[in-house]
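1. what would the 3D arrangement of this be:
(4 chains)
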Number of protein chains: 2
Amino acid sequence: MADSDTQPSVDKPNRVRTITDLAKIAGVSPGTVSRALSGNSLVNTKTREKIEAIAREHGFRPNQMASKLRRQKTGVIGVAIPLGHDVRQQISDTFFMTLLGHLADELTERGFDIMLRRVIPAQDEDWLDRFIGSGMIDGVIVVGQSDQFDRIEDVADGYLPMVVWGNHQEGQRHCVVGTNNRLGGKLAAEKLIAAGARRLAFLGDTQPIEFAARFAGAKEVAEKMGVSIRALPTHLSRDQTSEEIAEHLSNIEGEIDGIFAATDTIAVTCLKELRDRNINVPAQLKIVGFDDLPISSQTVPPLTTVRQDIAAGAKGLADLLLRRLAGEDTESLVLPPHLIVRDSA
Amino acid sequence: MADSDTQPSVDKPNRVRTITDLAKIAGVSPGTVSRALSGNSLVNTKTREKIEAIAREHGFRPNQMASKLRRQKTGVIGVAIPLGHDVRQQISDTFFMTLLGHLADELTERGFDIMLRRVIPAQDEDWLDRFIGSGMIDGVIVVGQSDQFDRIEDVADGYLPMVVWGNHQEGQRHCVVGTNNRLGGKLAAEKLIAAGARRLAFLGDTQPIEFAARFAGAKEVAEKMGVSIRALPTHLSRDQTSEEIAEHLSNIEGEIDGIFAATDTIAVTCLKELRDRNINVPAQLKIVGFDDLPISSQTVPPLTTVRQDIAAGAKGLADLLLRRLAGEDTESLVLPPHLIVRDSA
DNA sequence: CGCACGATTGCAATCGTTTGCAATTTCGCT
DNA sequence: AGCGAAATTGCAAACGATTGCAATCGTGCG
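-> Down below sits the predicted model:
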């Protein structure tokens, strides 16, 4: 493809694009320019200043690709978001997006760039190997295990600089940061029961490992307390959710007096549906959510929920990854959930 | 730094890391391997299959850095989020995050990767040049003009593959995608007035260009209709917002009967504060928001708001950028806002 | 005045892949 | 069997920055 005039190389006759061009102008060798610009090695102060001046004047920036190729490191952290269970749970999902935001803040502060990759495992068998092996990133953060637990485990042995957001399981090999979901589930169930509920339901998909753990925790408490609990499966994408929840609510009308929602997003939708049906929360039905999203304090009634500390999670992910980048084999980090009592239970 | 044993090169004695290694095994030249793997050029089918087999067997992936360096294109789109007016408006802001999510979906679908960069212009004069000149990205999408309108304009002339999310101004040179904020402001004011409000207030920061346009639109309508309107400045970060809004509400108690919030996020917080004060919406005070975030339909009362079509915006950004990448000098895209009438006005 | 040593700088190989051009092989056809 | 065109493959020069090693410059000191 002849792209001779695609680039705006016309404005300045012979623009300084390479370190060699600059060297020619400065009357030194490329090596010296490289040293002067990278700052760390020994260059005569006068020479350095001259080179820096010329660089500034011509708006020169060393080509990162070449630099990275030569130095075999990129300064880029890959962030992969696998969309396993529910492809329609786009990455626009509130929780993930918030986590990503904090992650961006943390990593940027430490001088790393972020390469974002949304991946659909069903369509791309070895997404993780591909990402890692691409040579474009120094390390990878996987946000959410989705249904890819095994694949992640496979990779973990041979590749140190990887940290995963998700659930921790006894004896797993990959380094994970996440909330103690099981404990969170317990807190939720205990609260519902303490508030007087006796016939519980878990509202949400029980397939994803995190949600399964939440359900398991709740179930354990319920059984110990002699209270019934059942799962009402739901998808995550917004449009379906509403209808599914509506249907569930019709089915369980009067049979259930306490709902543990897998997610605040689900809980909020549920709250809305209940209001439409004139079911009073918490008098007739108690609800506890999970996440403590910003919305959750603004609902009517304000949502009682199990808080995940997203900021701390992001910080943990970044910290651990950086230590692994330095060669350390770190332990997983399991964060404690906190029950935030508001008015819905 | 001697990192001889940092890498796990021990597991497989002599791993296939380069195309040359693979070529040696296959008994062909590196060039042939490159052609076979890239798929597009002419290679004997049998040779290709053999090479592919060996590649698969050894889990070989061509080094992207080298490839990108040689081909002078990266397959990466930079997404910059300038945090100008309010550094504490972290990129975890709901609207931007949602836009980013859709953007990720769009670009990924078209085979591009995303390099995310959060940037604080106040701390980094030439963030945009640096990003563009880094050689790491083929094009850039700037999410939000913030207070960087001029800098963006400066760059626009010399650099084609850039598209910006934001407000469109008569005669500007950079390609922008965004909602017609002024029109949106008009719709909001018209609705408030139609609902019976006569003393309006605009709740939000009027500095950012998008918000200024919204306010201007509302003001135009208000003045034409002989209705008063005033601005109540607010910041964007959540913690401050609540208090600021509370203070404003105390000050204006009884003097205002219609609020146009710069953002749904602000509107939602405002709704909550009003509820705490037992001010009935919409009877005593009418509210219209802006954005139509997912939350907005779930509030009590559900929020009347001006909808921005985020998905369409993301698609527009991606489309235009790709056309610019191909050398076309595209026009800006201004999307129409839609008034979504619910119960708050 | 000559030598040695430290401070700078230049040289050239290297990172791993792509690709224009030329050489070689394969085939079809007469 | 022989010739030419078409199909494959090999060769080697890029892409642009980094860095170990060696060469050069300058200066202090005997």
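2. just give me the neighbour total for residue A:198.
-> 14 (other Cβ atoms under 10 Å in any protein chain shown). In short, each C-beta sits where N, CA and C put it, glycine included.
3. okay, the residue of the stretch 151-300 of chain A found nearest DNA strand C and residue A:169: tell me how far apart.
-> Closest contact between the stretch 151-300 of chain A and DNA strand C, by Cβ to the nearest atom of the strand, is at residue A:159 (16.5 Å). According to Cβ to Cβ, to the nearest Å, residue A:159 stands 19 Å off from residue A:169.
4. mind checking which of the two has more residues around it?
-> Per other Cβ under 10 Å, whichever of residue A:159 and residue A:169 has more neighbours is residue A:159, with 18 against 14.
5. for stretch A:210-228, the averaged confidence score.
-> Averaged across stretch A:210-228, pLDDT comes to 95.
6. correction: stretch A:184-197
-> Taken as a whole, stretch A:184-197 has an average pLDDT of 97.
7. give the buried residues for that stretch.
-> A:184-193, A:195, A:197 (16 or more other Cβ atoms under 10 Å in any protein chain shown).
8. residues in the stretch 151-300 of chain A within reach of DNA strand D, list them.
-> Residues of the stretch 151-300 of chain A lying near DNA strand D by Cβ under 7 Å from any atom of the strand: none.
9. for chain B, give me its nearest residue in the stretch 151-300 of chain A.
-> For the stretch 151-300 of chain A, the residue closest to chain B is residue A:300, as judged by Cβ to the nearest Cβ, at 4.1 Å.
10. that residue - nearest residue in space that isn't next to it in sequence?
-> residue B:300 (4.1 Å; Cβ to Cβ, 6 or more residues apart in numbering or on different chains).
11. so where does that neighbour fall, helix or strand?
-> Per DSSP states H and E: residue B:300 is located in neither a helix nor a strand.
12. for it, give its distance to residue A:298.
-> Counting by Cβ to Cβ - residue B:300 and residue A:298 are separated by 9 Å.
13. quick check on residue A:230: phi, psi?
-> Per-residue torsions, residue A:230: phi -140, psi 160 (degrees, to the nearest 10).
14. burial measure for it, as a count.
-> Number of residues near residue A:230 (other Cβ under 10 Å) recorded here: 13.
15. who's it bridged to?
-> residue A:201 (DSSP bridges).
16. contacting residues around it?
-> By Cβ atoms under 8 Å, 6 or more residues apart in numbering or on different chains, the contact list for residue A:230 reads A:200-202.
17. which residues are in contact with the residue nearest to residue A:133 when sequence neighbours are not counted?
-> Nearest in space to residue A:133, with sequence neighbours left out and distances taken as Cβ to Cβ, 6+ apart, is residue B:61 at 3.9 Å. By Cβ under 8 Å, 6+ apart, the contact list for residue B:61 reads A:129-130, A:133-135.
18. circling back: list the contacts of the residue of the stretch 151-300 of chain A closest to chain B.
-> Counting by Cβ under 8 Å, 6+ apart, residue A:300 has contacts A:271, A:275, B:275, B:299-300.
19. let me know the pLDDT of it.
-> The per-residue pLDDT reported for residue A:300 equals 84.
20. from residue B:298, how far out is it?
-> Using Cβ to Cβ, residue A:300 is found at 9 Å from residue B:298.
21. can you list residues touching both of those two?
-> With Cβ under 8 Å, 6+ apart as the test, residue A:300 and residue B:298 both reach residue A:271.
22. tell me the domain ranges of chain A?
-> Domain assignment for chain A, taken from automatic domain parsing, gives A:19-62, A:76-179+A:311-336, A:181-307.
23. now the end-to-end length of the last one.
-> If I follow you right, that is domain A:181-307. Its start and end residues considered, domain A:181-307 measures 10 Å (Cα to Cα, to the nearest Å).
24. distance from the chain centre to that domain, please.
-> Centre-to-centre, domain A:181-307 and its host chain are 23 Å apart (Cα atoms, centre = their mean, to the nearest Å).
25. next: stretch A:151-162.
-> Its chain's C-alpha centre and that of stretch A:151-162 lie 18 Å apart, by Cα atoms, centre = their mean.
26. ends of it, how far apart?
-> Stretch A:151-162: ends 13 Å apart by Cα to Cα.
27. quick one: mean pLDDT over that stretch.
-> Stretch A:151-162 comes out at a mean pLDDT of 91.
28. quick one: contacts of that stretch?
-> Contacts of stretch A:151-162 (Cβ under 8 Å, 6+ apart): A:121, A:126, A:128-129, A:132, A:138-142, A:145, A:164, A:172-175, A:321, A:324-325, A:327, A:329, B:8, B:11.
29. which of the residues you listed fall in strands?
-> A:139-142, A:164 (DSSP state E).
30. just give me the closest of those to DNA strand C.
-> When those are compared against DNA strand C (criterion: Cβ to the nearest atom of the strand), the nearest one is residue A:139, at 17.7 Å.
31. from the contacts of residue B:61, which two are the most distant?
-> Greatest spacing in those, by Cβ to Cβ: A:129 and A:135 (12.2 Å).
32. which of those two has more residues huddled nearby?
-> residue A:135 (19 against 16).
33. skipping its backbone neighbours, what lies nearest that one in space?
-> residue B:63 (4.1 Å).
34. just give me the neighbour total for the one you found.
-> When neighbours are defined as other Cβ under 10 Å, residue B:63 has 17 of them.
35. measure it to residue B:176 for me?
-> Taken as Cβ to Cβ, the span from residue B:63 to residue B:176 is 37 Å.
36. which stretches in chain A count as strands?
-> A:76-82, A:113-119, A:139-143, A:162-165, A:176-179, A:199-203, A:228-232, A:258-261, A:286-291, A:304-307, A:333-335, A:338-340.
37. how about the fourth one: buried residues?
-> Read it as strand A:162-165. A:162-165.
38. any idea how far that strand is from the chain center?
-> 9 Å.
39. what does stretch A:36-43 give?
-> Using Cα atoms, centre = their mean, the offset of stretch A:36-43 from its chain centre is 37 Å.
40. give me the neighbour count for the closest residue to residue A:124 other than its chain neighbours.
-> Nearest residue to residue A:124, sequence neighbours excluded (Cβ to Cβ, 6+ apart): residue A:130, at 7.4 Å. Using other Cβ under 10 Å, residue A:130 has 13 neighbouring residues.
41. quick check: residue A:241 touching residue A:233?
-> No: in this structure, residue A:241 is not within contact of residue A:233 by Cβ atoms under 8 Å, at 11.3 Å.
42. looking at those two, which is more packed in?
-> When neighbours are counted by other Cβ under 10 Å, residue A:241 and residue A:233 differ, and residue A:241 comes out ahead with 21 against 14.
43. got a list of what the more buried one touches?
-> With Cβ under 8 Å, 6+ apart, residue A:241 has these contacts: A:234-235, A:265-266, A:269.
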